[in-house]
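S.K.: Dropping a prediction and its sequence here:
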Number of protein chains: 2
Amino acid sequence: MTPPDTQLTVACIQMEPRIGAVEENVRRSLEFIGIAADRGARLIVLPELCNSGYVFETAEEARDLAEDATSGPSVQAWAEIAARRDLHIVAGLCERAGDGLFNGAVLIGPQGPLGTYRKMHLWDQENRFFTPGDLGFPIFDLPFGRVGVLICYDGWFPESWRMCGLQDADIVCVPTNWVPMPAQPAQRDAMANILVMAAAHSNSVFIAAADRIGTERGQPFLGRSLIVAPTGWPLAGPASADQEEILLASFDPTEARRTRQLNAFNHVLNDRRPEFYQARQGEGLRPSTPARAMPLQPVT
Amino acid sequence: MTPPDTQLTVACIQMEPRIGAVEENVRRSLEFIGIAADRGARLIVLPELCNSGYVFETAEEARDLAEDATSGPSVQAWAEIAARRDLHIVAGLCERAGDGLFNGAVLIGPQGPLGTYRKMHLWDQENRFFTPGDLGFPIFDLPFGRVGVLICYDGWFPESWRMCGLQDADIVCVPTNWVPMPAQPAQRDAMANILVMAAAHSNSVFIAAADRIGTERGQPFLGRSLIVAPTGWPLAGPASADQEEILLASFDPTEARRTRQLNAFNHVLNDRRPEFYQARQGEGLRPSTPARAMPLQPVT
């Protein structure tokens, strides 16, 4: 059994930011953070762009709502509560850095900001406003375990989760603004949730994904935040599609390392065969590239 | 609308092979193939090791049940029906090749065997009997589209599906012998199905997975074969956990290429950022390797 003192309580804040209302959004996030801390949370995940809102109309609007990832007012407010309540917080942030505007996420600890993640795969109209992430996939070595960060559409790329797994992340925190996917059957889990469950299982990592709710300038969001175990199965959630709520789950993050060994023969990372994972994109359809089939003699 | 003549009907044969009963297993597979062909199927997928059974007790037993991937009696029988009924068949086969014993799959067309796939990621006791696959991830250029093949535990590695996607496979055929995963909640899709749905969605490929059923020498199998669209959603199945059955779905395989473009900005393969996918395994936990966090000034 895991000794109680290695247990970490993680919270995902599912909330509805309002476009442009940075002060109000941050004030409300602080209320949710306070409630989660009262319930024992020590690592708290907030949605993507939770200070600014998501559906920008112009690059100027996005830039006006952005701030510096250490000295900005939202970051300062989160750092204050993190210090006061002894928390780590991962919050989606509209980040300005020099000439760059990033769909970012800050990781803040009791001693202040620890680093930033910048969304590596930009979705749809984000490409009009944001610079693609330029920091790769940082992993943060914290007292309770190793933390990776991804944002929303990053999760559509198995490579994103793999980069966390290969760098021995124990838990991946996902600020997100999931939008509905086409043809979603009512009786099945949302595709965004399916991708999270598959990634947790394939890499043996915990994943804490905090989504937003509501409809902003005509764009609906999915809700359905969730916290999953390295088995891939939810520990909390999926949350509702339309309610603000706090998900909580308690576990030892380092358990993720042990569950990578599946049996006497198999380990989810050691069993990779990277020497065979070398295809270049579009290789198959280039006229000059023969299909890689092994030619065999037809039966006579 | 897709013109009718580009439609392909694909069948997955969910059946129960008996360990050691090669002749009976192949005879029964031919019955199922005949029924599927009567129903219009032109591409037919059979389970992993469907000629030999799965739970070998010794390497000798496995070797005695293996055969050559072109001249073996199971392959000859499948080639005969493929020629007579104008079919393509993907069948899991216990394959002997020189000194090597492989968990293989043969692709057979109306003109005879076209090639073989050899399972790249061996599960559990298979490591006692089989040589790991040495052919990588071949893609077969067929009249109706481009076909990749994976077997069972290969699907736990997102890289396997990605290799098919990057080589422009339209459909991935998966002979499999899925076993139950730990802690499967009754109300959710099986994890094996979740991995298939996530892979189809992430790569925009059709996937046809034919599983076995039954319990062999104490090892239960999962059933729940399925055929999924590039959206990730099932077109047929998941099948039952315990009945022999034939799944059928009709579609234009090349539709998978068109659905890779998600909107004006996004393409599931073009949006990859391979220059950032370079972590080596275990990089993070090496004492000499600093965490890849961007150090920031603490708030003062």
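M.R.: Arrived safely.
S.K.: ok, so what distance separates residue A:83 from chain B?
M.R.: 8 Å (CB to the nearest CB, to the nearest Å). All C-beta spots, glycine's among them, are computed from the backbone N, C-alpha and C.
S.K.: My guess is that residue contacts residue A:111. True?
M.R.: Yes - counting by CB atoms under 8 Å, residue A:83 touches residue A:111, with 7.3 Å between them.
S.K.: Is the nearest residue to residue A:40 once chain neighbours are set aside part of a helix or strand, or is it coil?
M.R.: Spatial nearest neighbour of residue A:40, chain neighbours left out: residue A:9 (4.4 Å); criterion: CB to CB, 6 or more residues apart in numbering or on different chains. Under DSSP: H, G, I helix; E, B strand; the rest coil, residue A:9 falls in the strand class.
S.K.: for residue A:9, what are its contacts?
M.R.: For residue A:9, the contacting residues are A:39, A:40, A:41, A:42, A:43, A:248, A:249, A:250, by CB atoms under 8 Å, 6 or more residues apart in numbering or on different chains.
S.K.: Could you report the pLDDT at it?
M.R.: Per-residue pLDDT puts residue A:9 at 98.
S.K.: what are the phi and psi angles of the nearest residue to residue A:86 once chain neighbours are set aside?
M.R.: Spatial nearest neighbour of residue A:86, excluding adjacent residues (CB to CB, 6+ apart): residue A:110 at 5.1 Å. Taking degrees, to the nearest 10, you get phi -60, psi -30 for the backbone angles of residue A:110.
S.K.: swap in the one 3 residues further on?
M.R.: Here the main-chain torsion angles of residue A:113 (degrees, to the nearest 10) amount to phi -60, psi 130.
S.K.: was I right about it contacting residue A:69?
M.R.: Yes - look at residue A:113 against residue A:69 with CB under 8 Å: they come within range, at 6.6 Å.
S.K.: Look at residue A:83 and residue A:111 and report which has more neighbours.
M.R.: Legend: neighbour count by other CB atoms under 10 Å in any protein chain shown for residue A:83 and residue A:111, higher for residue A:83 (16 against 11).
S.K.: any idea which element that one lies in?
M.R.: For residue A:83, the host element (DSSP states H and E) is helix A:73-85.
S.K.: roughly how far is stretch A:99-107 from the heart of the chain?
M.R.: Centroid separation for stretch A:99-107 versus its chain: 14 Å, with CA atoms, centre = their mean, to the nearest Å.
S.K.: same deal with stretch A:217-227?
M.R.: Centroid displacement of stretch A:217-227 relative to its chain, using CA atoms, centre = their mean, is 14 Å.
S.K.: Can you give me the buried ones in it?
M.R.: Of all the residues in stretch A:217-227, those buried under the rule 16 or more other CB atoms under 10 Å in any protein chain shown are A:221, A:222, A:223, A:224, A:225, A:226, A:227.
S.K.: doesn't residue A:242 make contact with the third one?
M.R.: It stands for residue A:223. Yes - here residue A:223 reaches residue A:242: they are 5.9 Å apart, a contact under CB under 8 Å.
S.K.: Can you check which residues contact both of these two?
M.R.: Jointly contacting residue A:223 and residue A:242 under the rule CB under 8 Å, 6+ apart are residue A:213.
S.K.: before we move on, back to that, can you pull the contacts of the residue nearest to residue A:86?
M.R.: Applying CB under 8 Å, 6+ apart, we find residue A:110 in contact with A:82, A:83, A:86, A:87, A:88.
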